[in-house]
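Visitor: predicted model, plus sequence, below.
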Amino acid sequence: MGQIIVMEELLSNKIAAGEVVERPASVVKELVENAIDASSTSIEIVLEEAGLAKIQVTDNGKGMDEEDAVQSFSRHATSKITTEHDLFRIRSLGFRGEALASIASVSKISLWTSDGENIGTKVELEGGTILSCTPAPIRRGTDIVVKQLFFNTPARLKYLKTIQTELGHSIDLINRLALSYPNIAFKLSNNGQTIIQTSGRGDLRQVLASIYGISNVKKMVAFENESSDFRISGYATLPEITRASKNYITILVNGRWVKHYGLNNAIVDAYHTLLPIGRFPIVVLNIETDPMLTDVNVHPAKHQIRLSKEKELMELVRQTIRSVIHQVQQPPKITEKPIVKQQPSVQFDIFKQSYTEEPKPFNAPAIEEREQPTVVYEEVESLQKEIVVEEIIVEEHVEVKKPFPDLHVVGQIHGTYIVAQSDDGFYLIDQHAAQERIKYEFYKEKVGKVSSSERQALLLPLTFHYSLDEAYRIKESLEELQNVGIFLEEFGTSSFVVREHPTWFPKGHETKIIESLIEQILTNRTTDIKKLREEAAIMMSCKLSIKANHYLTTRDMEQLLDSLKNAQHPLTCPHGRPVIVHFSTYEVEKMFKRVM
Ligand code: ADP
Ligand code: MG
């Protein structure tokens, strides 16, 4: 007697729910995505106890007739695709036809729906079983209430986190959906309190302002670009605004918020050497492409995506963001305007703002009263926040960098910092960081074009010994190493000699640098020549830069500041740490209570 039976639908729905319905936010996601697919322009999400007690989603979309309203709760019931052919051309957020069936199997649901012209329908379900289906009033749209989530799956209920964490997931989700659809008005509330509200006017900057705050949006620049397969656009923060995690990066592919490791890295890479280690930008990246090049059918929750021509896209993203940030940092056509009055600041210098969310104790008087010094960016046109019908209006603005200040050396302190003054106050410059930046840019340029004419023979060849397997891997990478100026010759089975090096190679550090770069190849197995060049430039700049506790003559300091002025990115060292800090005259006068 055969023991295999086909599961009944209720049981299989409950199993599917294990993947689709992980927590209240997953229900919110599926319901709101359905509302978006139904062409709604206004979507309201009402939660009680972060959705554990109740989740209600009301939309003004196209609604359903009675037959569809009942059918929508069946497994694999969808109006979005019909043939296999459609699976490769998905433009809607949903397509698997299993969300409503899964949610219904683990909760109690009431659904009202109508196309706005014909009599509406009300369907009630419990644990996936339809209890009733009755006529309901005419009102265009759908209203769905999910109560007692996981009432029949206690184990799942047990694994939920605190109410605050669960609410956090829904807030994060609605934020991302609001960023994906600026022309839909979203409202999210919990226990009667409004948490998110967007206008639906189609202005992405407005949505960004309502999520991240106007002051951060002021420091965001728009970008746009395209290749033959992709069109990208969005907003990215200037390097001075950073966050401690990558969670503030939103990647949208054809309107769908996705998590994509490679694209995340491409974005972070665009800020290479401009941000400190462990700090990340706020970015919204919109990618439009032919759905044929994407595969969203990777996970039931549709968070992940596979992309064809991924490398091409990553390069487009990296270059576009990098160049737009670079452009904004170009010296100016400055329209001199008085510095816009800013919020009193607890930050002592402009850079700290990027590092610390919390004010740091500083035992000088009345920090709170100080105005935030503005060294780097001066507002040319400011953004304004006006509250009109609870709506945030964000004006487009242009951010222009002041030219690097004309600095006159005053002296050096602790053998580490250069003190310089200018018309607008005084500056502290970290001599090591400054030189690292200058040397990094020099070596990056050099390593980029290793020419055969610029070589110099060593008096005594250098020898390097490795184990057999390491030697084998090194032999595979000889060309990459040549491209960064390291000319290894095989010498026996597992040794190598270097007889010459480029003329610009840092003197006295040859062995260490060659060993470190070979180490790079061995540990990271990187054959990415760009990365290797980058590593080489950073390593050489760090080895060669003057360290702290090293006394400099006035002439040395003047030369250093002169070279810094000509650097492409004079504000940070290659590790993203600040090079220069400004103390404005006004700030100093305030400290001494010369002005109030
Ligand atoms: P999918 O979204 O993958 O198609 P769902 O189970 O989420 O599957 O929904 C099943 C179907 O129910 C959808 O294809 C759609 O036709 C209909 N539907 C669900 N929610 C709504 C809504 N808010 N407005 C109109 N139709 C809806
Ligand atoms: Mg759906």
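Guide: Noted; the coordinates are in hand. These numbers come from a predicted model, not from an experiment. Residues are numbered from 1 along each chain as shown. Ligands and ions are numbered 1, 2, ... in the order given.
Visitor: just the residues contacting stretch 170-186, thanks.
Guide: By C-beta atoms under 8 Å, 6 or more residues apart in numbering, the residues outside stretch 170-186 that reach it are 24-25, 28-29, 32-33, 36, 40-45, 47, 50-51, 188, 190, 195-204, 206-208, 210-211, 247, 250, 252, 255-257, 284. (C-beta placed from N, C-alpha, C; glycine too.)
Visitor: same thing but 6 Å
Guide: 25, 28-29, 32, 41-43, 188, 195-196, 198, 200, 202-204, 207, 211, 250, 252, 255, 257, 284 (C-beta atoms under 6 Å, 6 or more residues apart in numbering).
Visitor: same check on stretch 433-442?
Guide: By C-beta under 6 Å, 6+ apart, stretch 433-442 touches 537, 541-542, 544-546, 560, 563-564, 567-568, 573-574, 577, 579.
Visitor: residue boundaries of the strands in the stretch 101-250 of the chain?
Guide: Remark: strands assigned in the stretch 101-250 of the chain by DSSP state E, counting those that start in this stretch are 108-114, 120-126, 129-136, 141-147, 185-190, 193-197, 220-226, 230-237, 249-253.
Visitor: can you lay out the ones you listed as CSV showing mean neighbour count and distance to residue 550?
Guide: Below are these laid out as CSV (neighbours: other C-beta atoms under 10 Å; distance: least, C-beta to C-beta, whole Å):
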stretch, mean neighbour count, distance to residue 550
strand 108-114, 22, 72
strand 120-126, 20, 75
strand 129-136, 13, 79
strand 141-147, 21, 66
strand 185-190, 20, 56
strand 193-197, 14, 53
strand 220-226, 16, 38
strand 230-237, 21, 35
strand 249-253, 22, 39
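Visitor: could I get these as TSV with distance to ligand 2?
Guide: Formatted as TSV, these follow (distance: least, C-beta to the ion, whole Å):
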stretch	distance to ligand 2
strand 108-114	13
strand 120-126	16
strand 129-136	19
strand 141-147	11
strand 185-190	17
strand 193-197	21
strand 220-226	30
strand 230-237	26
strand 249-253	17
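Visitor: right, so of those strands, which gets closest to ligand 1?
Guide: When these are ranked by distance to ligand 1, counting by C-beta to the nearest ligand atom, first place goes to strand 141-147 at 3.7 Å.
Visitor: pairing partners for the closest one, with directions?
Guide: Strand 141-147 has the following strand partners under DSSP bridges: strand 54-59 (antiparallel), strand 108-114 (antiparallel).
Visitor: between it and strand 129-136, how many degrees?
Guide: 140 degrees (axes from the mean of the first three to the mean of the last three C-alpha atoms, to 10 degrees).
Visitor: need the contact partners of strand 141-147.
Guide: Contacts for strand 141-147 (C-beta under 6 Å, 6+ apart): 27, 31, 54-61, 63, 107-113.
Visitor: return the members of the contacts of stretch 170-186 classed as buried.
Guide: 25, 28-29, 32, 43, 188, 195-196, 198, 200, 203-204, 207, 211, 250, 252, 257, 284 (16 or more other C-beta atoms under 10 Å).
Visitor: just the ones of these in helices?
Guide: 25, 28-29, 32, 204, 207, 211 (DSSP state H).
Visitor: pLDDT value on the residue sitting nearest the centre point of the chain, please?
Guide: In the chain, the residue lying closest to the centroid (C-alpha atoms, centre = their mean) is residue 249, at 2.5 Å. Per-residue confidence (pLDDT) for residue 249: 96.
Visitor: give the burial count for residue 241, as a bare number.
Guide: Residue 241 is flanked by 21 other residues according to other C-beta atoms under 10 Å.
Visitor: ok, the residue lying closest to it once chain neighbours are set aside - contacts?
Guide: Leaving out its chain neighbours, the residue that sits closest to residue 241 by C-beta to C-beta, 6 or more residues apart in numbering is residue 219, at 4.7 Å. Each residue near residue 219 by C-beta under 6 Å, 6+ apart is listed here: 237-238, 241.
Visitor: can you show me the strands along the stretch 401-550 of the chain?
Guide: 408-413, 417-422, 425-430, 455-465, 488-491, 495-502.
Visitor: what packs against the longest one?
Guide: Contacts of strand 455-465 with other secondary structure elements, assessed using 3 or more C-beta pairs under 6 Å, 6 or more residues apart in numbering; DSSP states H and E, are made with strand 495-502.
Visitor: what's the strand it packs on in contact with?
Guide: So strand 495-502 is contacted by 450, 454-455, 457-458, 461-465, 485, 487-489, 491 (C-beta under 6 Å, 6+ apart).
Visitor: that strand to strand 455-465, inter-axis angle?
Guide: 160 degrees.
Visitor: each with direction, which strands does strand 495-502 pair with?
Guide: Sheet partners by DSSP bridges: for strand 495-502, these are strand 455-465 (antiparallel), strand 488-491 (antiparallel).
Visitor: just name the most buried of these.
Guide: strand 488-491 (a mean of 15; mean count of other C-beta atoms under 10 Å).
Visitor: can you dump the C-alpha atoms of that strand in CSV for me?
Guide: Taking Å, rounded to 0.1, in the frame of the first residue of the first chain, the C-alpha atoms of strand 488-491 are listed here in CSV:
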residue,chain,number,x,y,z
LEU,A,488,59.1,39.1,-10.4
GLU,A,489,61.2,36.5,-12.1
GLU,A,490,60.9,32.8,-11.3
PHE,A,491,64.0,31.5,-9.6
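Visitor: what about it, average pLDDT?
Guide: 93.
Visitor: quick one: contacts of it?
Guide: Against strand 488-491 from outside (C-beta under 6 Å, 6+ apart): 478, 481, 496-497.
Visitor: go again using 10 Å as the cut-off
Guide: 461-465, 471, 474-475, 477-478, 481-482, 495-500, 514, 518 (C-beta atoms under 10 Å, 6 or more residues apart in numbering).
Visitor: hmm, which of those residues are the buried ones?
Guide: The buried subset of these (16+ other C-beta under 10 Å) comprises 464, 471, 474, 477-478, 481, 496, 498, 514, 518.
Visitor: let me know the closest of the residues you listed to residue 79.
Guide: Ranked by distance to residue 79 (C-beta to C-beta), the buried ones among the contacts of strand 488-491 are led by residue 477 at 54.3 Å.
Visitor: could you find the closest non-adjacent residue to residue 326?
Guide: Spatial nearest neighbour of residue 326, excluding adjacent residues (C-beta to C-beta, 6+ apart): residue 568 at 7.5 Å.
Visitor: my error: substitute residue 471 in the last question.
Guide: residue 494 (3.8 Å).
Visitor: what's the nearest residue in the stretch 51-200 of the chain when you look at ligand 1?
Guide: Residue nearest to ligand 1 within the stretch 51-200 of the chain (C-beta to the nearest ligand atom): residue 94, separated by 2.2 Å.
Visitor: what is the neighbour count of that residue?
Guide: 20.
Visitor: check residue 139 too.
Guide: Neighbours around residue 139, by other C-beta under 10 Å: 16.
Visitor: thought it was touching residue 120?
Guide: Yes: at 6.6 Å, residue 139 counts as touching residue 120 under the criterion of C-beta atoms under 10 Å.
Visitor: mutual contacts of the two, please.
Guide: Common neighbours of residue 139 and residue 120 (C-beta under 10 Å, 6+ apart) are 63, 112-114.
Visitor: how about the residues of the protein by ligand 1?
Guide: Taking C-beta under 6 Å from any ligand atom as the criterion, the chain approaches ligand 1 at residues 30, 34-35, 38, 59, 61-64, 72, 77-80, 94-100, 142.
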